[in-house]
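> Let's see this in three dimensions:
(one chain, ligands or ions: 2)
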Amino acid sequence: MADRIVCKFGGSSVAEAKQFQKVKAIVEGDKRRKIVVVSAPGKRNPKETKLTDLLYTTYDLASKHLDFSTPWKMICDRYLDIAKDLNLATKIGDDLAALENKLKNEIDTVTTDFLVSRGEYLCARLMAEYLGAQFVDSYDLIAFDERYRITPKSYETIAQKLSDENQLFVVPGFYGEGPRKQVKTFSRGGSDISGAVLANGINAIVYENWTDVSGMLMTDPRIVENPKPISYVSYREIRELSYSGASVLHDESIAPCRAKNIPINIRNTNRPEDAGTIIGPTPETTDYPITGIAGRKGFSMIYIEKSMMNKEVGFGRRILAILEGEGLSYELSPSGIDSMSIVVDTKSLEAVQEAVLEDILLQMHPDRVKVFPGISLVATVGHGMTNKVGIAAKLFNALAEKEINIRIIDQGSSQINILVGVDEANMEIAIRAIYDAFVK
Ligand SMILES: Nc1ncnc2c1ncn2[C@@H]1O[C@H](COP(=O)(O)OP(=O)(O)O)[C@@H](O)[C@H]1O
Ligand SMILES: N[C@@H](CC(=O)OP(=O)(O)O)C(=O)O
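Ligands and ions are numbered 1, 2, ... in the order given. Next up is the predicted model:
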C-alpha cells in the first residue's frame, strides 16, 4: 500500500487566487499528497466576512422572502474572481445562477445546511479543476446516522471510492449525507473533521492541516502577542485545548486520527517551509510545565443550594436527568457539600431555561437555585503539570494579582487540565496573566 497524505486547506488557504497558487505548489511539492480537502473561502483580511457566514446571512434573508442580493453578490464575486484570475474554464456562473434561482423560486425546498455546504462544494470544484484532480463529493463519502454520528460504513466507502493510489482527489469539507438523504453540515470549523475522517478511511500516513499560522501556539495569538510555538503536542492535550477554544483545530477531528495513530501536522500555507506542530500519541517533555492555554466564552452556571445535599442519595443523578430530559448537555459540574454547580452552554440553555428551573424547583426542592450567565472557561493544559507541586498555586496567584474573581475551579482527574471559570470580560486578562506566569 502506497503512503498517502490527506491535506486539508482551511478558509484562509483558499480565500483568493493567490492562495490557490500556494496550495498547488504545496500539493505538487510532495507526491504523497493525494487527497486534498478544502473549506469555503475565508477572510482575505481581518475585516472581511467568511463566505460561510455570507451564506448563512443569505439563507436567513431568502427564507424570510427578503432581498438577499447584497451578501449573494459578495459570494458570487468571490468565486467569479478566483475562476477568472486562475483562467479556469468551469462555468461556475451557471452553478451560481441555478442556486440563485432556487433561492428565489423554490426556497421551501432549500435547507440551511444545503446552501451553506455550497461554500465548500463550489470551492472544491474550482480547486479540482485548477489542480487537474478528480472531484469527489463528500456527500458520497461521509454519512451521518440519526444522532449525527459518522456511520462506520462511511470509512469503508471512503477506502473504496478513494482507492486509486495514483489519483489526486479533491473533496469538499464540512458536510456529508444526513440520515434522510439530506445534506448535513458539521458544526463550525468542521472541515477539520472531514479531513480527519478521510485520513482514517484511507489509512493516511499523516493528516496535514494547512492554515494561516505555523502550527499550534501556546495560546491564541489574538490574545497574547507572539506566543511561543508548540512543536509537539499529544492527542489528549490538543483535545483539551481545542475543545476549550484553540480554534486552530476542531476538537472532534482528533478522535478519527487517534483511533489509527495517524499524526496530525498543522502547517502554514503562507510559510510552507515551517515544520509546524506535530500532534501524536505520546506526551513529550517540554521547556515549560504547561503546554498551552485556551479560553472559551458563552457558558452559564446553574447554581443549586440545599442543606444536607450530600446525604440525599441520587441528588446529582436526578438533577442531571432533568437536564437530559430537556436535551441539555453539561460541560462540568463542580460540587460542594450543600451545593452543586452545573456549567452549560448559554445558547442551549436559553431555549429550555424556564422548564429546567421549574423542574429543579418542583422535583428537588432546593433552598436556592440561580443561573449565572456570562461565564468563560480558561483551560491550562499540559502533561508536564502532572504530579508537579505548586502549579495550581502559581496559576491562582497570577489571577489574584490581576484581581480576577474565580467563579469555578476544576482540575480534571486526568491532571493534564486545570479549568477555571471567570467572567467573560476577564477571559483575555486571565489568559495573559497565566501565560506571563508560566512562559515569560
Ligand atoms: N493556540 C492557537 N494556536 C494557533 N492559532 C490559534 C490558537 N488559538 C486560536 N488560534 C487562531 O486560529 C486561527 C486558525 O484557525 P482558522 O481561522 O479556523 O483557520 P482556517 O481558516 O485555516 O481553518 C489562527 O489564525 C489563530 O488566530
Ligand atoms: N467553512 C466552514 C467550515 C470550516 O472548517 O472552515 P475553516 O476551515 O475556514 O475553519 C466554517 O466556516 O465553519
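> For L323, see how far away E424 is.
Look at E424 and L323: by C-beta to C-beta, to the nearest Å, they are 22 Å apart. Using the backbone N, CA and C atoms, a C-beta is placed for each residue, glycine as well.
> To clarify, my last question referred to G280.
G280 sits 36 Å away from L323, going by C-beta to C-beta.
> Then V23?
44 Å.
> More neighbours: which of E424 and L323?
More crowded of E424 and L323, by other C-beta atoms under 10 Å: L323, with 21 against 16.
> ok, how many other residues are close to the nearest residue to the more buried one once chain neighbours are set aside?
Once flanking residues are discounted, L323 sits nearest to Y330: 5.9 Å by C-beta to C-beta, 6 or more residues apart in numbering. Around Y330 there are 18 other residues, counting by other C-beta under 10 Å.
> Give me the neighbour count for the closest residue to ligand 2 within the stretch 151-300 of the chain.
Here the stretch 151-300 of the chain gets closest to ligand 2 at one residue, S191, 3.2 Å apart by C-beta to the nearest ligand atom. As a burial measure, S191 scores 31 neighbours (other C-beta under 10 Å).
> Tell me the confidence at it?
Note on S191: pLDDT of 98.
> near ligand 1, which residues of this structure show up?
Proximity of the chain to ligand 1 (C-beta under 6 Å from any ligand atom) is limited to residues 10-13, 39, 42, 189, 211-213, 216-217, 219-222, 246-248, 292.
> residues near V313, how many?
Residues near V313, counting by other C-beta under 10 Å, number 8.
> what do you get for the one 3 residues further on?
Residues contacting G316 under the criterion other C-beta under 10 Å number 16.
> Name whatever forms a beta bridge with the residue nearest to it when sequence neighbours are not counted.
Residue nearest to G316 in three dimensions, not counting chain neighbours: M340, with 6.4 Å by C-beta to C-beta, 6+ apart. The partner list for M340 in beta bridges (DSSP bridges) reads I304, S335.
> M340 and E312 touch, don't they?
No: look at M340 against E312 with C-beta atoms under 8 Å: they stay out of range, at 10.6 Å.
> between the two, which one's more packed in?
The neighbour comparison of M340 against E312 (other C-beta under 10 Å) goes to M340, with 23 against 13.
> And the pLDDT for the more buried one?
For M340, pLDDT reads 91.
> and it, how far is that from S307?
The gap separating M340 from S307 is 13 Å, by C-beta to C-beta.
> try Q160
In terms of C-beta to C-beta, Q160 sits 62 Å off from S307.
> Not counting sequence-adjacent ones, nearest residue to the residue of the stretch 151-300 of the chain closest to ligand 2?
Counting by C-beta to C-beta, 6+ apart, S191 lies nearest to G173, which is 2.6 Å off, once chain neighbours are set aside.
> what's the answer for G201, then?
Among residues not flanking G201 along the chain, I158 sits closest, at 2.9 Å (C-beta to C-beta, 6+ apart).
> just the helices in this protein please.
Remark: helices assigned in the chain by DSSP state H are 17-28, 51-63, 69-85, 92-105, 112-131, 152-161, 191-201, 235-243, 254-258, 315-325, 346-364, 391-401, 427-438.
> Next, format these as a markdown table and append distance to P227.
Converted to a markdown table, those look like this (distance: least, C-beta to C-beta, whole Å):
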| stretch | distance to P227 |
| --- | --- |
| helix 17-28 | 24 |
| helix 51-63 | 26 |
| helix 69-85 | 31 |
| helix 92-105 | 39 |
| helix 112-131 | 30 |
| helix 152-161 | 35 |
| helix 191-201 | 20 |
| helix 235-243 | 12 |
| helix 254-258 | 21 |
| helix 315-325 | 36 |
| helix 346-364 | 27 |
| helix 391-401 | 16 |
| helix 427-438 | 7 |
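> Please work out which of the ones you listed is packed deepest.
Compared across the helices of the chain, helix 191-201 shows the largest average neighbour count, a mean of 28 (mean count of other C-beta atoms under 10 Å).
> on contacts alone, who are the packing partners of it?
Helix 191-201 sits against strand 5-9, strand 33-38, helix 152-161, strand 169-172, strand 206-211, helix 254-258, with contacts defined as 3 or more C-beta pairs under 8 Å, 6 or more residues apart in numbering; DSSP states H and E.
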